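# Fold the following and give me the result.
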Amino acid sequence: MLRVNIDKLDKNGMTGIDDDGHSILVVRVDNNYFALGDVCPHKKCRLHTGALKGSTVICPCHGAAFDVTTGKLQAWFKNVSSDLIKLIARIGIMNVKAYKCTVSGNEIVIET
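As a prediction, this is how the structure comes out:
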């Protein structure tokens with residue numbers, strides 16, 4: 001279990017945390033908190049150095065997009081069809097792990 005102080009995140013912000021062999025991206029979207037793997041499965045780039053657009057994090061290396069609520073791939077390269085993206089997300093080979101997290105006081109508690 002990992003605990004992160006809420007003050008580490010700005011409104012609609014994110015941060016990367018390394019703990020006990022886990023690289024975790026912690027995201028705040030409005031008043032909701034999410035935790036997922038911080039490493040893109042394609043190029044192994046750290047997602048917390050990318051961009052957050054709504055509830056989607058964009059990989060800084062090649063623009064893959066992941067839903068922060070589920071970790072599922074939303075977009076990859078521009079020439080990849082949406083049907084193929086849906087298949088890849090369903091199979092799970094390009095998704096990042098989503099962790100269960102809750103808020104306790106001033107901390108986000110992440111189950112690793």
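
# Output the helix or strand of the chain with the lowest mean pLDDT as CSV - backbone C-alpha positions only.
Comparing helices and strands within the chain by mean pLDDT, DSSP states H and E singles out helix 82-91 as the least confident, with a mean of 84. Taking Å, rounded to 0.1, in the frame of the first residue of the first chain, the C-alpha atoms of helix 82-91 are listed here in CSV:
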residue,chain,number,x,y,z
SER,A,82,-10.2,2.8,-34.1
ASP,A,83,-11.4,-0.8,-34.4
LEU,A,84,-7.8,-2.0,-34.0
ILE,A,85,-7.3,0.3,-31.0
LYS,A,86,-10.5,-1.2,-29.4
LEU,A,87,-9.2,-4.7,-30.0
ILE,A,88,-5.7,-3.9,-28.6
ALA,A,89,-7.4,-2.4,-25.5
ARG,A,90,-9.7,-5.4,-25.0
ILE,A,91,-6.7,-7.8,-25.3
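
# Show residues contacting that helix.
With contacts defined as C-beta atoms under 8 Å, 6 or more residues apart in numbering, helix 82-91 is touched by 72-76, 94-95. Where C-beta positions appear, they are placed from N, C-alpha and C, glycine not excepted.

# Which among these count as buried?
A residue is treated as buried here by neighbour count (16 or more other C-beta atoms under 10 Å); on that basis the buried members of those are 72-74, 76, 94-95.

# any idea which of those is the one closest to M1?
N95 (22.5 Å; C-beta to C-beta).

# Would you give the sheet partners of whichever strand in the chain runs longest, along with the direction of each?
With DSSP state E applied, the strand covering the greatest number of residues in the chain is identified as strand 22-29. Neighbouring strands of strand 22-29 in its sheet, by DSSP bridges, are strand 14-19 (antiparallel), strand 32-37 (antiparallel).

# Which one of the ones you listed lies nearest to A65?
Comparing the strands paired with strand 22-29 by C-beta to C-beta, strand 32-37 comes nearest, at 12.7 Å.

# how far does the closest one sit from the chain's center?
Averaging C-alpha coordinates over strand 32-37 and over its chain gives two centres that are 6 Å apart (C-alpha atoms, centre = their mean, to the nearest Å).

# With stretch 46-64 instead?
The gap between where stretch 46-64 is centred and where its chain is centred comes out at 8 Å by C-alpha atoms, centre = their mean.

# Fine, thanks again, bye for now.
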